[in-house]
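Trainee: okay, here's the prediction I keep looking at, along with the sequence it came from:
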Amino acid sequence: MQQLIKITTVPIQYELKMNNARLEYHSAKAELEISRNKGGLSIKSRPVKLNLDSFEARNSVSPSVKTVSRQVARKGQEAAYSATAQMAQEGQLLLKADIGEDVIGRIIEQRNQLPTGDFELGFIPSASVDMDYQPANLTIRYEMDKLNFDLKVANGNFEFIPGDIEMNITQHPDIHIEYIGGPIYVPPSADPNYEELDVRA
């Protein structure tokens, strides 16, 4: 009998890649940073300063309202003390008066008595001008440039890399089934090479 089916098997194919374990050392890197601070020159000058306070001098010639009020109040107080003393003195005279004595005339004479003493009229300030003197000042400041160095050094380190195995499949397994026989006719008598079997024997 002729073989009608051909079966072919395709095996799996793969590749193995092995990486050995290794120890790697990473060296240290040094970094240097340089920064600059700029200096400069600064000059400060202060001229002569003269402070004049003439308030008291002007106030002694032409008093202010506050000063006038204070002076008038003081004079009023002194006048009240003088009037009180005068009244007390005149009362004593009236108490000690003798009969026929002209006490009223004496009192009027004392009241009308002209003042005595030195009178002075001036327009020169009685207070001096307050002066404050500040001498001149010159300050010079010079600062040179500055360089800053920052060195950074990192320590080296070791790194262990373990080994591994890589498997790459290049061909998957498969089965090929192929029909290698001739065509099948239905009914069989349709085959041009059909030969009828003799069943009479």
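Mentor: That came in fine, so what should we check first?

Trainee: can you tell me which helix in the chain is longest?
Mentor: Under DSSP state H, the helix in the chain containing the largest number of residues is helix 65-95.

Trainee: now do it, average pLDDT.
Mentor: Per-residue pLDDT over helix 65-95 has a mean of 76.

Trainee: show me what the helix or strand following it is packed against.
Mentor: The helix or strand immediately downstream of helix 65-95 is helix 103-111, counting by DSSP states H and E. With contacts taken as 3 or more Cβ pairs under 8 Å, 6 or more residues apart in numbering; DSSP states H and E, helix 103-111 sits against helix 65-95. Every residue, glycine included, has its C-beta placed from N, CA and C.

Trainee: can you give me the offset of the helix it packs on from its chain's centre?
Mentor: Distance, stretch centre to chain centre, for helix 65-95: 69 Å (Cα atoms, centre = their mean, to the nearest Å).

Trainee: one more: stretch 134-145?
Mentor: That offset, for stretch 134-145, works out to 29 Å (Cα atoms, centre = their mean).

Trainee: what comes into contact with that stretch?
Mentor: By Cβ atoms under 8 Å, 6 or more residues apart in numbering, the residues outside stretch 134-145 that reach it are 36-51.

Trainee: out of those residues, list just those in strands.
Mentor: Using DSSP state E, the subset of these located in strands is 36-37, 40-46, 49-51.

Trainee: circling back: can you list the buried residues in the longest helix of the chain?
Mentor: Buried residues in helix 65-95, counted by 16 or more other Cβ atoms under 10 Å: Glu90.

Trainee: not counting sequence-adjacent ones, nearest residue to Arg16?
Mentor: Actually, residue 16 is Leu rather than Arg. Met167 (5.6 Å; Cβ to Cβ, 6 or more residues apart in numbering).

Trainee: and the host helix or strand of that neighbour, how far out from the chain's middle?
Mentor: Assigned by DSSP H and E, Met167 falls within strand 164-171. The chain centre lies 62 Å from the centre of strand 164-171; the measure is Cα atoms, centre = their mean.

Trainee: could you please name the strands that strand pairs with and the direction of each pair?
Mentor: Sheet pairing of strand 164-171 (DSSP bridges) gives strand 13-19 (antiparallel).

Trainee: one step back: so what does the longest helix of the chain touch, helix or strand wise?
Mentor: helix 103-111.

Trainee: and the angle from the helix it packs on to helix 65-95?
Mentor: 150 degrees (axes from the mean of the first three to the mean of the last three Cα atoms, to 10 degrees).
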